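> My questions are about this predicted structure, shown below with the sequence.
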Amino acid sequence: MSTTLGTARPDPAAYMLRTAATPTGRDYKRDLLDRLDIRTGQTALDVGCGPGTDLAALAERVGERGGVIGVDRGPAMLAAARHRTSGLPTVELREGDAHALPVEPGTVDRAKIDRVLMHAAEPADVLTQLHLATRPGARVGLVEPDWDTLIVDAEDLETSRAFTRYTTSEAVRNATIGRSLTRHAERAGFTVETTTATAPVLLDFEEADHVLGLGRNTQRAIEAGHIDGTRGRQWFTSLSEGPFFATFTLVSVICSRK
């Protein structure tokens with residue numbers, strides 16, 4: 001038997017680009033930028049910019065008189081971002097950690113953090129850094145999933161529940177950060193303006209296997225003793241054989257700095 005069910009672990013940059021290109025990815029990212037109300041001439045910050053998925057869209061909105069700063073701690077991610085933004089002179093990439101942003105205090109007009117806090121060692125510290133980097137009147141957009149709400153339809157409901165429990169307890173560091181975004185933002189000193197929740201629907205099994213890591217996380221859960229091996233493999237196989245449905249909650253918060 002293969003050591004991994006489903007698709008192999010993807011390259012992180014390729015994973016982010018492919019996820020952003022899905023209809024769900026395009027829709028929520030467009031909505032986030034719209035609600036940030038980015039103006040020409042402003043400075044926009046993308047914390048955890050990854051391979052530069054959103055940098056071009058930010059650059060388009062700030063215009064020639066504005067600037068975009070992309071921060072990521074991964075050299076490979078920054079290399080991919082440089083390649084994607086090579087023709088955009090207003091985009092500046094900086095290597096650094098979200099817990100210690102390489103940005104001068106009070107210099108940012110608009111900022112976004114998109115599915116980064118769920119991986120951060122200390123989300124509160126990241127938001128404190130973001131508050132320091134932004135100037136009074138700045139707007140900030142935060143987007144994070146709540147993996148505790150992950151639903152995967154299957155006749156074996158107990159294994160579906162076990163998969164969600166494994167995701168929240170083992171696979172993702174801050175699996176329920178989505179539900180606490182408002183609280184974290186307010187404690188960091190931001191004023192929350194809007195909080196919205198959407199439920200992306202995944203109907204294609206192969207796409208869901210890519211986005212959710214159904215196979216590889218099932219394999220890990222089996223190896224760690226969270227899911228019975230035979231039952232877990234049967235569960236995964238059943239997902240590929242019939243109509244597929246999965247969903248989870250994605251929370252977006254728009255806040256401002258006084």
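Yep, it's here. Numbering: from 1, shown residues only.
> Give me the mean pLDDT for the longest strand seen in the chain.
Secondary structure assigned by DSSP state E gives strand 134-152 as the longest strand of the chain. The pLDDT scores in strand 134-152 average 98.
> Buried residues, the helix or strand that comes right after that strand. List them.
Counting by DSSP states H and E, the next helix or strand C-terminal to strand 134-152 is helix 157-166. Neighbour counts using 16 or more other Cβ atoms under 10 Å place Thr159, Ser160, Ala162, Phe163, Thr164, Arg165, Tyr166 of helix 157-166 among the buried residues. Quick note: C-beta positions are derived from backbone N, CA and C, even for glycine.
> Next, format those as JSON lines and append distance to Ala57.
Shown next, in JSON lines, are these (distance: Cβ to Cβ, whole Å):
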{"residue": "Thr159", "distance to Ala57": "39"}
{"residue": "Ser160", "distance to Ala57": "36"}
{"residue": "Ala162", "distance to Ala57": "39"}
{"residue": "Phe163", "distance to Ala57": "34"}
{"residue": "Thr164", "distance to Ala57": "32"}
{"residue": "Arg165", "distance to Ala57": "36"}
{"residue": "Tyr166", "distance to Ala57": "34"}
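> show me what contacts the residue nearest the centre of the chain?
Nearest residue to the geometric centre of the chain (Cα atoms, centre = their mean): Arg115, 2.0 Å. Arg115 makes contacts with Gly48, Val143, Glu144, Pro145, as judged by Cβ atoms under 8 Å, 6 or more residues apart in numbering.
> And these, which is closest to Gly137?
Taking Cβ to Cβ as the measure, Gly137 lies nearest Val143 of the contacts of Arg115, at 21.3 Å.
> show me where pLDDT drops low in this structure?
Scanning the chain for pLDDT under 70 picks out 1-4, 7.
> Please, where are all the helices along it?
12-20, 23-36, 55-62, 75-84, 123-133, 157-166, 181-187, 205-212, 214-223, 229-241 (DSSP state H).
> need those in TSV with distance to Pro102, can you?
Shown next, in TSV, are the helices of the chain (distance: least, Cβ to Cβ, whole Å):
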stretch	distance to Pro102
helix 12-20	20
helix 23-36	21
helix 55-62	16
helix 75-84	12
helix 123-133	9
helix 157-166	35
helix 181-187	22
helix 205-212	30
helix 214-223	33
helix 229-241	42
